[in-house]
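Peer 1: sharing a model prediction with you, sequence too.
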Amino acid sequence: MLGRKERDQLELYMCGSLRDLVPDDHVLVKVDRVLDLSWLHEEVAELYAAGFGRPGIDPEVAVRLMLAGFLLGIVHDRRLMREAQVNIAIRWFIGFGLHEALPDHSSLTRIRQRWGAERFRTIFERTVKVCVAAKVAKGEVVHVDASLIRADVSWESLAVRHIDAVTDANEAAESERKSRKTGKYKKVCVTDPDASMATNGRNRRLEPAYKQHAVVDDACGVILDVEVTTGEINEGQVILSRLDAVAAMTGTIIKTATADAGYAYAKVFAGMEQRAIEAVIPAKAEPIRSPVPMRRFRYDAKHDTLKCPRGKMLKAGRAVKHGRFFTSRAADCRHCDLARLCLSNGRVNKAVVLGDDYPALLRARRRRERWSDEDRALYQRHRWRSEGYHGEAKTWHGLSRAIRRGLINMKIQAYLTAAAVNLKRLASAFLSILLFVYSQEATSSARHPFRQRKVFGIGLSVASA
């Protein structure tokens, strides 16, 4: 017999919890098992006036709303609140019943402005510490990488930075004005000045962007550190400070760090040597800009001298930025058979600039030639650990583009995205261990699915079997 279902439903009567309507394998259910925000009220209490004004939104509700948005890829406040209006899983996750009115989307904006980026970084750091305590992350082997995030601006908002009228009137500055290499004609964004023009490839155009620097643990892909800068900041400028931050947070000495060739600078290798960190970074070969390349000169670190291909000594001279000049004697070069190839036009002696940490770079190049199979395998893991996180965050969690303007808002977005990913990692590990624990217990334990367990040694509450 052909059935028929009446669709009219004027009233809804329901006995039980909204949890009964949400599948056990839903991402919000998994994350709720490991999410503990009981400390948050005390953390933000100083930002609110006690006993004055209207009661604000529960801080835990606000953070759960934001995390739900990033976990589900709904990163814009208006769309998130529209979805929460009809999404039972989100309502259950934040503790709102079907009859309760949800906060206005503008409340989330005011909370971000009031709390600032540091409070959200604290939330992210809490997820890291829980993952370390749960032994989901170790912090001994880490992968470092950076990725550009397109700013939330249009091409029409870009303008060209010109010289001041006073400088234009100055005759001495006229030649400099004509030079396009001075940076005074660089495009800037008038709607988001914090975003800077950057690109991730020579064959790609410059775009207004921010840059996210992330440190990922090798064990389960937990994000140990995240920092956001303007797009102009070079990766090598921040890697050492981020490694120090990871070591301080995890309380573990970093043994090995991997990165791509964009980090292959002498100061990076020297900094890792000082910290006793083994650097698995492919050192770039020296570019050949002369018929007599620099690699044919032999540097003696003990005596701080440099020898040319014919064995003549070059002595250290004046210092320059990030290095020093080494010069030869004119008499040594006058009768040298390589002088025609080695010396520049008009010069009678050889002058080269050696970086401050040049010996560390030489050691890194020699080590690169002797990479073991384990080193190659570790560098391969770098691609799907570190670069994989950036791809995951951009594809599933809305990090492909900034959702608000300003460096502070971009940092908040990056912190919440990393916190959401860490909670996913922790929930996955929690579920695996939980299933193992239940499989080892007696049949009687299966009749009590709602019990308190110390699965990770950190009292986590099991919300469901």
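Peer 2: All right, it came through fine.

Peer 1: these two touch, right, Leu21 and Ile88?
Peer 2: Yes: distance between Leu21 and Ile88: 5.2 Å, which falls inside the contact criterion (Cβ atoms under 8 Å). The way it works is simple: take the backbone N, C-alpha and C, and place the C-beta from them, glycine included.

Peer 1: so which of those two has more stuff around it?
Peer 2: Ranked by neighbour count (other Cβ atoms under 10 Å), Leu21 and Ile88 place Ile88 first, with 15 against 12.

Peer 1: ok, now which ones touch the more buried one?
Peer 2: By Cβ atoms under 8 Å, 6 or more residues apart in numbering, the residues touching Ile88 are Leu18, Leu21, Val22, Leu98.

Peer 1: ok, and the most crowded of those?
Peer 2: Highest neighbour count within the contacts of Ile88, by other Cβ under 10 Å: Val22, with 20 neighbours.

Peer 1: secondary structure element for the residue lying closest to it once chain neighbours are set aside?
Peer 2: Once flanking residues are discounted, Val22 sits nearest to Ala89: 4.8 Å by Cβ to Cβ, 6 or more residues apart in numbering. Using DSSP states H and E, the secondary-structure element containing Ala89 is helix 88-94.

Peer 1: show the pLDDT at the closest residue to Leu206 other than its chain neighbours.
Peer 2: What sits nearest to Leu206 in space, not counting adjacent residues and going by Cβ to Cβ, 6+ apart, is Met197, at 4.2 Å. With respect to pLDDT, Met197 scores 88.

Peer 1: can you tell me the SS state at Met197?
Peer 2: Secondary structure assignment for Met197 (DSSP: H, G, I helix; E, B strand; the rest coil): strand.

Peer 1: run a quick neighbour tally on it.
Peer 2: Here the count is done by other Cβ under 10 Å, and Met197 has 18 residues near it.

Peer 1: start at 821, not 1
Peer 2: Understood, numbering begins at 821; the last thing we discussed is Met1017.

Peer 1: from Val973, how far out is Ala1018?
Peer 2: From Ala1018 over to Val973 the distance is 13 Å, taken as Cβ to Cβ, to the nearest Å.

Peer 1: now swap in Asp1177 and tell me
Peer 2: Separation of Asp1177 from Val973 (Cβ to Cβ) stands at 38 Å.

Peer 1: compare the two (neighbour count), which wins?
Peer 2: Each of Asp1177 and Val973 has its neighbours counted (other Cβ under 10 Å); Asp1177 has more, 21 against 18.

Peer 1: give me the pLDDT value at that one.
Peer 2: Note on Asp1177: pLDDT of 86.

Peer 1: cool, the one 5 residues further on as well?
Peer 2: As predicted, Leu1182 sits at a pLDDT of 88.

Peer 1: contacts only, for it.
Peer 2: Going by Cβ under 8 Å, 6+ apart, Leu1182 touches Tyr1119.

Peer 1: quick one, phi psi at it?
Peer 2: When read as degrees, to the nearest 10, the backbone of Leu1182 gives phi -60, psi -40.

Peer 1: look up how far Gly1137 lies from it.
Peer 2: According to Cβ to Cβ, Leu1182 stands 20 Å off from Gly1137.

Peer 1: over to Arg911?
Peer 2: Using Cβ to Cβ, one gets 72 Å for the distance from Arg911 to Gly1137.

Peer 1: and Leu1126, by the same measure?
Peer 2: Noted for Leu1126: a distance of 11 Å to Gly1137, by Cβ to Cβ.

Peer 1: so Arg898 is in which element?
Peer 2: Secondary structure (DSSP H and E) places Arg898 in helix 897-906.

Peer 1: give me the average confidence score over that helix.
Peer 2: Throughout helix 897-906, pLDDT has a mean value of 95.

Peer 1: what sits up against that helix?
Peer 2: Contacts for helix 897-906 (Cβ under 8 Å, 6+ apart): 885, 888-889, 892, 894, 910-911, 914, 916, 922-926, 928-929.

Peer 1: what about the chain, any weak spots by pLDDT?
Peer 2: Where the chain drops to pLDDT under 70, the residues are 821-823, 825-834, 980-1006, 1107-1109, 1253-1285.

Peer 1: how far away is Leu928 from Ala1184?
Peer 2: Counting by Cβ to Cβ, the gap from Leu928 to Ala1184 is 46 Å.

Peer 1: oh, that last question was meant for Val1010, not what I typed.
Peer 2: Taking Cβ to Cβ, one finds Val1010 at 42 Å from Ala1184.
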